[in-house]
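[1] Generate a structure from the sequence data that follows.
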Amino acid sequence: MGTGAFESKTSEFSIWLQTETMTTEPRRIVRTDEKEILISKVEPGFAQQLHQTLDLIGLDSQRGILVGLPERMWANFDGATPRVDAWRLGIIQSLIDNQGKLSLNDERVKEIQIGVESVAALLEATLWSAPILADEEYTPKKGEIQAFHDNLRTLADGSDIFTRFYGQYENKTVVNHCPGALIARQLLISGWECCTKTPAPTVG
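    Model (predicted):
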């Protein structure tokens, strides 16, 4: 079992993935040691390219394609729409609208969407009172601020909430790291500021 290239669909490892985890898309072995096998579904160099792409996009509301996102959230969606849903859909639509401008292929757009969807789920759990766009009286609750602190601190500590565990293969733990985790912290801050209309609370 080599590292770097995508595994053949007929390799023993690929057959194990298909049988044990119902994973049909090809995976490549990024790294293996005595305890762990790290796999990925994206090509080598994707992480660096993702950073470059995100620099072009701009993941805060002050620059890039997300400039004006809060205004578009309130203008483009029904008042009964949960704010987190409007934020998520607004980012994805902006990404699709600017796909040509940013020279992004469909696979790259899909991978960034994975990161957005994952952080939206985290943001939804953070803003557990589920504020809607029409609720102009909404202000973040104390518990929501604490949840934001906890989640942002977890990301700052380097924990990867997007790690998927596939199981044990030849007595080694098989894990996959989603590239979306690279942008989770910045996305969470952006989401908080757009959805609450308040600056992100500082984490001490």
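
[2] low pLDDT regions in this structure?
    Regions of the chain meeting the criterion pLDDT under 70 cover residues 1-4, 42, 45-65, 156-163, 177-183, 203-204.

[3] Break down it into its helices, ranges please.
    Secondary structure of the chain (DSSP state H): helices located at 12-21, 46-57, 69-76, 83-97, 106-126, 142-156, 184-196.

[4] okay, these, which one's buried deepest?
    helix 184-196 (a mean of 22; mean count of other C-beta atoms under 10 Å). Backbone N, C-alpha and C define where each C-beta goes, glycine included.

[5] neighbouring contacts of it?
    54, 59-61, 66, 69-70, 73, 83-84, 86-87, 90, 115-116, 118-120, 122-123, 126-127, 131, 138-140, 148, 151-152, 155-156, 161-162, 198-201 (C-beta atoms under 8 Å, 6 or more residues apart in numbering).

[6] got it, and stretch 67-78?
    58, 61, 83, 85-87, 89-91, 94, 133, 193-194, 197.

[7] switch to 7 Å and redo it
    61, 86-87, 90-91, 94, 133, 194, 197 (C-beta atoms under 7 Å, 6 or more residues apart in numbering).

[8] which of those sit farthest apart?
    94 and 197 (18.7 Å; C-beta to C-beta).

[9] Between the contacts of stretch 67-78, which sits nearest residue 30?
    The closest of the contacts of stretch 67-78 to residue 30 turns out to be residue 91 (C-beta to C-beta; 27.4 Å).
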